[in-house]
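J.: Sequence first, predicted coordinates after that:
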Amino acid sequence: MTPDERLDLLRLNLVPGIGPRTQTLLLERFGTAARVFQASGPELLQVDGIGPKLSAAITAARTSEAANRELDRCRDANVTLRYRGTPDYPKLLATMCDAPRVLYCRGELLPQDELSIALVGSRRCTLYGRQQAERLAGALARAGMTIVSGLARGIDAAAHRGALAARGRTLAVCATGLSKLYPPEHKDLAREIVASGAVLSESPLDRGPSRGIFPQRNRIISGLSLGVIIVEASRQSGALHTARHAMEQGREVFAVPGRIDSLASAGCHDLIRDGATLIRDPDDVLAELGPLLEPVARGTDDVVLSPRELALDDQEREVLNLLSQDPQHVDQVIAAGGLEPSRVLSTLTVLEMRRMVHRLPGGMYVRATH
């Protein structure tokens, strides 16, 4: 993608009144952002959702310097821009049909963030909900997963803090622009997140809070993640929007039960009744996620094919990483590992019981892919 193509996408993202769906329709109709700006008024009016006002705004943006000013401000604020279709754009998010064309990022995204789980819930949470969010986020972060949430009050903040307390990675997806963080009292929390992950947004830097952008943001939270955990949600909670987005995107949906008569958990109970996975601890999450579409590298010698592998101890992971999808004799595994034969054999037995390796005739072993 050339610098001019990036600038045109940013320019389109800055046009007031054009949201993700309209951007997608425009780009599907004209092919590139440059051709959108080259289109005539009558051509623009043929696109669903484009009226005279939006058509005039697009035409006016052709000669605007707003995109150049936005780029300068991003550089000054240590904000990078990730464009869909480029190598540094999050792979999971790119699979969404309405993924942001431009993603603002303060902090750092790493390849290991493909092992992400979203954890969201009510802003007006109970003590129980906050405790469960912190407990689950901390345990999953220690296992090696990146925690994704929305920087909101309540469950979201507890999820971020749980991951930070465990010295894990966490990503915050904001509805507002990165210079207008909301809620304002979470600016210090956002700074901590930047040091251990990233704060992300599809909104221009100066976009403030408005009702419609929060549900829109939720599709990014689920899109970045292998699955979504709803910790505490009433039937009116916005967290249920995130669960619906996850279902539409083919992500796993998990729910933490509360008291059977708790209105604060009524939305979670409805999700469980309708097929979401009830979870009690991190192992329930890791066991349910299944194999990854592609291996994820977490270090020089640590390759993960399944989130279940994150729950292994160091020795189990070491022996597992000696195996591949090509059969190897047990003697080869022992020689390659440099461990005592008895320890290798006992570990292989444990891995076989966990269905992470298959034993073949003749003392051969192979790493399982499902």
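T.: Good, I have the coordinates. Computed from a predicted model, the values in this text were never measured in an experiment.
J.: and residue 308, how many residues sit next to it?
T.: By other C-beta atoms under 10 Å, 21 other residues sit near residue 308. (Glycine included, C-beta is placed from N, CA and C.)
J.: mind checking how far it is from residue 73?
T.: Counting by C-beta to C-beta, to the nearest Å, the separation of residue 308 from residue 73 is 43 Å.
J.: again with residue 139
T.: Applying C-beta to C-beta, the value for residue 139 to residue 73 is 39 Å.
J.: Show me which helix runs longest in the chain.
T.: Scanning the chain for the longest helix, with DSSP state H as the assignment, gives helix 127-143.
J.: what lines up beside the following helix or strand past that one in the sheet?
T.: Taking DSSP states H and E as the definition, the helix or strand that follows helix 127-143 towards the C-terminus is strand 146-149. Each strand pairing with strand 146-149, determined using DSSP bridges, is listed with its direction: strand 116-120 (parallel), strand 170-174 (parallel).
J.: Of all residues in the chain, which one is nearest the centre?
T.: Computing the C-alpha centroid of the chain and ranking residues by C-alpha atoms, centre = their mean puts residue 224 first, at 2.1 Å.
J.: wouldn't it be in contact with residue 150 here?
T.: No - with the criterion set as C-beta atoms under 8 Å, residue 224 and residue 150 do not qualify as a contacting pair; they are 11.0 Å apart.
J.: any residues in contact with both of these two?
T.: By the contact definition C-beta atoms under 8 Å, 6 or more residues apart in numbering, residue 224 and residue 150 are jointly contacted by residue 173.
J.: Buried residues, stretch 4-22. List them.
T.: Taking 16 or more other C-beta atoms under 10 Å as the basis for neighbour counts, the residues of stretch 4-22 that come out buried are 6-15, 18, 20, 22.
J.: any idea which of the residues you listed is closest to residue 99?
T.: When the buried residues of stretch 4-22 are ranked by distance to residue 99 (C-beta to C-beta), residue 20 comes first, at 8.1 Å.
J.: gap between the closest one and residue 369?
T.: 35 Å.
J.: Same check on residue 322?
T.: Applying C-beta to C-beta, one obtains 16 Å for the distance of residue 322 from residue 369.
J.: which of the two has more neighbours?
T.: A count of neighbours by other C-beta under 10 Å puts residue 322 above the other of residue 322 and residue 369, at 21 against 12.
J.: neighbour-wise, which of residue 139 and residue 73 wins?
T.: A side-by-side neighbour count of residue 139 and residue 73, using other C-beta under 10 Å, places residue 139 first with 20 against 15.
J.: how many other residues sit next to the residue nearest to that one when sequence neighbours are not counted?
T.: Spatial nearest neighbour of residue 139, chain neighbours left out: residue 282 (4.3 Å); criterion: C-beta to C-beta, 6 or more residues apart in numbering. Residue 282 has 22 neighbouring residues, counting by other C-beta under 10 Å.
J.: Enumerate the positions of stretch 356-370 that are buried.
T.: Residues of stretch 356-370 classed as buried: 356-357, 365, 367-368 (neighbour count, 16+ other C-beta under 10 Å).
J.: Who does residue 365 form a beta bridge with?
T.: According to DSSP bridges, beta-bridge pairing links residue 365 with residue 328, residue 359.
J.: got a list of what it touches?
T.: In this structure, residue 365 makes contact with 323, 327-330, 333, 348, 357-359, judged by C-beta under 8 Å, 6+ apart.
J.: Residue 102 bridge partners, please.
T.: The residues paired with residue 102 through beta bridges, assigned by DSSP bridges, are residue 83.
J.: That one: what's it in contact with?
T.: Here residue 102 is in contact with 9-10, 13, 81-84, 202 (criterion: C-beta under 8 Å, 6+ apart).
J.: Including pLDDT and distance to residue 187, could those residues go into TSV?
T.: What follows is the contacts of residue 102, written out as TSV (pLDDT from 0 to 100; distance: C-beta to C-beta, whole Å):
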residue	pLDDT	distance to residue 187
9	96	28
10	97	25
13	96	24
81	98	21
82	97	22
83	97	27
84	95	28
202	97	20
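J.: What sits closest to residue 225 if chain neighbours are left out?
T.: In space, and not counting its chain neighbours, residue 225 is closest to residue 118: 4.0 Å by C-beta to C-beta, 6+ apart.
J.: Can you report how many residues lie near residue 107?
T.: Under the neighbour criterion other C-beta under 10 Å, residue 107 is assigned a count of 21.
J.: Can you tell me how far it is from residue 115?
T.: When residue 107 is compared with residue 115 (using C-beta to C-beta), they lie 17 Å apart.
J.: Tell me the spacing between residue 161 and residue 268.
T.: Residue 161 sits 21 Å away from residue 268, going by C-beta to C-beta.
J.: and the closest residue to residue 88 other than its chain neighbours, how many residues sit next to it?
T.: Distances taken as C-beta to C-beta, 6+ apart put residue 82 closest to residue 88, at 5.5 Å, once the chain neighbours are dropped. Taking other C-beta under 10 Å as the neighbour definition, residue 82 ends up with a count of 20.
J.: Same question for the one 4 residues further on.
T.: Neighbours of residue 86 under the rule other C-beta under 10 Å: 12.
J.: For it, list the residues it contacts.
T.: Contact criterion C-beta under 8 Å, 6+ apart gives residue 1 as the residues in contact with residue 86.
J.: What does it show for phi and psi?
T.: Summarising the backbone geometry of residue 86 under the convention degrees, to the nearest 10, its torsions are phi -110, psi 160.
J.: Which pLDDT does the model give the spatially closest residue to residue 120 that is not a sequence neighbour?
T.: The spatially closest residue to residue 120, leaving aside those adjacent along the chain, is residue 239, at 4.6 Å (C-beta to C-beta, 6+ apart). What the model reports for residue 239 is a pLDDT of 93.
J.: Tell me who's in contact with residue 239.
T.: By C-beta under 8 Å, 6+ apart, residue 239 lies in contact with 120-122, 155, 218, 230, 233, 267.
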